[in-house]
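# Mind looking at a prediction? Sequence and model below.
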Amino acid sequence: DVVVIGGGPGGSTTATMLARKGWQVLLLEREHFPRDHIGESLLPASIPVLEELGVLPAVQEAGFLRKWGATMVWGTDPTPWSWHFRETNQQYPHSYQVWRPLFDQILLDNSRAHGVDVREGHQVLEVLFEGQRACGVRYSADGTTGTARARFVVDASGQGALLGQRLQLRRWDDFFQNLAVYAYFTGAQRLPAPDDTNIFIESYPHGWFWHIPLHTGWTS
C-alpha cells in the first residue's frame, strides 16, 4: 500500500502507525543501522507519540538521561536562567537526551515488530509518477536497481527531500542561512543539580552554542 523513504524517526513513526492500521508498508533506508546522527535533545511532546507507538518502555529501558528543562544564557544578561517542563506540562514533566544511533534503532526495530517490511541498505534514487500521482520508487541495493510500486509514497528522506526536489517545491531563504558544527566530548562539566541533565544553550552575536549531556558519558 505504502512505500516510506527513510528509516529515521519520521519514517519509522509513519510506517509503524500505518502498519497498525492494517496497511502493508515497505520502508527503504539507505544506511545500515545503527548509524550516526545529530539531534539528541527531545521535547515532552514526543512522549505521547512514543506511547502511541508502543515503544516508550524500550526507550525508558535504554537508560537515556531524563531531561527536565533547559538552561539559557540568552540576550544581554550573562546570568544563566532555567525553565522546567513541569511549569507548563504536568502530564509530561520530562523528555530525554537520547543517543541517536540507539534511539533510531529502537524505533526502526519497532516498525519491524509491527509488520513493516524494513529494508536497510536500499537507497531510493527517484520517485516514480503516473501523471501527477506518485506510484512508486526506483532504488539501489547491493549494486543492483529495482522498483517498488505503491498506492502512496511517503518522503521521509530528511534533507534529501526527494519529492521536494522532484516537484521543485524547495525555496532558498536568504535570511535563514545557518550552519551547525558539532562534536562529542568526554569530561565536560555539567550544570549544578537539579539542572545537570538540562540542555544548556548560550547565545552569541552570530549564533548559539548547545551543550547536551548523554547517558554514554559524552557531551554533544
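Structure's in. What do you need?
# Any chance you could list what contacts the longest helix along the chain?
Counting residues, the longest helix found in the chain (DSSP state H) is helix 100-113. Identification of contacts with helix 100-113 by C-beta atoms under 8 Å, 6 or more residues apart in numbering yields 7-9, 12-13, 15-16, 19, 25, 27, 29, 33-40, 53-55, 58-59, 62, 64, 118. (Glycine included, C-beta is placed from N, CA and C.)
# Helices - which of the residues you listed land there?
9, 12-13, 15-16, 19, 53, 58-59.
# Can you name the two of these that sit furthest apart?
Ala19 and Val59 (19.0 Å; C-beta to C-beta).
# about what we covered before: give me the buried subset of the ones in helices among the contacts of helix 100-113.
Listed as buried from the ones in helices among the contacts of helix 100-113 are 9, 12-13, 15-16, 19, 53, 58-59; burial here means 16 or more other C-beta atoms under 10 Å.
# Any chance of TSV for those, columns pLDDT and distance to Val153?
Output for these, formatted as TSV (pLDDT from 0 to 100; distance: C-beta to C-beta, whole Å):
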residue	pLDDT	distance to Val153
Pro9	97	19
Ser12	98	16
Thr13	98	16
Ala15	98	12
Thr16	98	17
Ala19	98	16
Leu53	97	21
Ala58	97	28
Val59	97	28
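# Flag the helix or strand of this protein with the lowest per-element mean pLDDT.
The weakest-scoring helix or strand in the chain, judged by mean pLDDT, DSSP states H and E, is helix 162-166 (a mean of 91).
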